[in-house]
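Colleague: using only what follows, build the 3D model:
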Amino acid sequence: MSQENLQPEDPRSDDRHSDEHLGLAGRTARFFINSPLSPLFFIAMMLMGLLGLVETPRQEDPQISVPMVDVFVRYSGASADQVANLAIEPLERIMSEIPGVKHVYSASQRGMGVVTIEFEVGEEMGPSLVKVNDKIDSNMDKIPPGVSPPLVKAKGIDDVPVVNITLWAKDLNQDGSADVDDGQLRMLAHDVLQSIKEIPDTGNGFVVGGRAEQVTVEVFPERLSGYGISLDQVANAIQTANSEQRAGGVESGNTHFTVMTGAFLKGAEDISRLVVGTHNNVPVYV
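Modeller: Residues are numbered from 1 along each chain as shown. Below is the predicted model of the structure:
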């Protein structure tokens with residue numbers, strides 16, 4: 001019977017074998033598991049967290065300053081491309097030179113355009129508005145002929161809508177169109193907006209969309225020339241008639257009456273009855 005020599009295994013070989021598979025993270029974790037410094041590190045981190053919680057300033061409703069400024073320009077008679085190339089793009093380059101500006105973007109349409117300047121977060125509205133006005137004033141000589149002086153309008157974080165209310169109409173009679181048109185919806189929206197403004201602590205409100213009611217007067221140049229009437233005469237007649245002025249007052253006993261002349265135009269029928277001139281002693285109506 002043979003006898004094998006049994007030698008005790010070295011426990012350090014298992015440690016070396018296990019260290020090879022643990023890696024850096026495993027060895028670090030094993031060190032802190034058995035280290036008496038672990039409770040001290042835990043207490044120190046907890047105290048640092050409590051200190052940060054106590055010392056960090058807090059507000060119930062923090063005010064973040066993100067100034068935005070809109071610059072409007074009018075270029076009467078110019079197309080959208082002309083407004084963009086001659087007025088808006090040079091204004092964009094000038095506004096980009098202002099310190100603290102983050103983004104500058106624009107929109108153009110026929111006859112007008114707008115440039116929006118967005119400043120970095122934390123910039124104050126007052127100094128930012130002064131920078132924009134100073135930059136415009138120092139570059140007024142670069143405005144092309146026919147372009148009106150820029151109109152600067154400031155916008156802050158409080159101007160961003162918080163609540164949007166949408167009004168729409170249903171097609172109850174199933175005729176393919178809404179029972180209420182967009183013009184009536186816009187009038188209703190203004191009434192709703194007026195009621196909302198009566199709520200305490202409400203800010204700015206505005207109506208977007210819908211069709212504003214207006215009367216369009218189509219003028220035929222050949223008819224005007226036949227009657228010997230200019231386009232300015234038509235415009236002045238409508239503008240003069242659409243006014244109401246105070247002519248004075250009348251006192252009778254203990255009563256005072258205010259005399260008003262003229263009346264505002266209420267519809268297309270009122271405009272059609274206006275006289276813009278005469279031709280062969282015959283009045284010419286709009």
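
Colleague: check contacts around residue 275.
Modeller: Contacts for residue 275 (CB atoms under 8 Å, 6 or more residues apart in numbering) come out as 237, 283, 284, 285. (C-beta placed from N, C-alpha, C; glycine too.)

Colleague: can you check residue 183 too?
Modeller: Counting by CB under 8 Å, 6+ apart, residue 183 has contacts 210, 211, 212, 213.

Colleague: repeat the analysis, applying 10 Å as the threshold.
Modeller: 210, 211, 212, 213, 214 (CB atoms under 10 Å, 6 or more residues apart in numbering).

Colleague: of those, which is the most crowded?
Modeller: residue 210 (17 neighbours; other CB atoms under 10 Å).

Colleague: circling back to that earlier point, out of the contacts of residue 275, which are inside helices?
Modeller: residue 237 (DSSP state H).

Colleague: and of the contacts of residue 275, the nearest to residue 70?
Modeller: residue 237 (35.8 Å; CB to CB).

Colleague: so how far is residue 260 from the closest one?
Modeller: 20 Å (CB to CB, to the nearest Å).

Colleague: who's more crowded, these two?
Modeller: Neighbour tally, residue 237 and residue 260, criterion other CB under 10 Å: the higher count belongs to residue 237, 19 against 11.

Colleague: surely the more buried one meets residue 276?
Modeller: Yes - with contacts counted by CB atoms under 10 Å, residue 237 reaches residue 276, the gap being 4.4 Å.

Colleague: mind listing the shared neighbours of these two?
Modeller: With CB under 10 Å, 6+ apart, residue 237 and residue 276 have common neighbours 229, 284, 285, 286.

Colleague: list just the nearest of these to residue 29.
Modeller: Taking CB to CB as the measure, residue 29 sits nearest to residue 286 out of the shared contacts of residue 237 and residue 276, at 90.9 Å.

Colleague: now the helices for this structure?
Modeller: 11-34, 38-55, 80-83, 89-96, 125-137, 182-197, 221-227, 231-241, 268-272.

Colleague: which of these sits closest to residue 152?
Modeller: Of all the helices of the chain, helix 125-137 comes closest under CB to CB, at 5.8 Å.

Colleague: same for the closest one, what does it pack against?
Modeller: For helix 125-137, the packing partners by 3 or more CB pairs under 10 Å, 6 or more residues apart in numbering; DSSP states H and E come out as strand 68-74, helix 89-96, strand 101-109, strand 112-119, strand 151-155.

Colleague: which of these is buried the deepest?
Modeller: strand 112-119 (a mean of 22; mean count of other CB atoms under 10 Å).

Colleague: just checking: what are the partner strands of it?
Modeller: strand 68-74 (antiparallel), strand 101-109 (antiparallel) (DSSP bridges).

Colleague: export the first one to PDB, keeping only CA atoms.
Modeller: Yep, that's strand 68-74 we're talking about. The C-alpha atoms that make up strand 68-74 are tabulated as PDB, following Å, rounded to 0.1, in the frame of the first residue of the first chain:
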ATOM      1  CA  MET A  68     -35.100  88.400 -24.600                       C
ATOM      2  CA  VAL A  69     -35.500  91.500 -26.800                       C
ATOM      3  CA  ASP A  70     -37.600  91.800 -30.000                       C
ATOM      4  CA  VAL A  71     -36.600  94.400 -32.600                       C
ATOM      5  CA  PHE A  72     -39.300  95.200 -35.200                       C
ATOM      6  CA  VAL A  73     -38.600  97.000 -38.400                       C
ATOM      7  CA  ARG A  74     -41.000  98.000 -41.200                       C
END
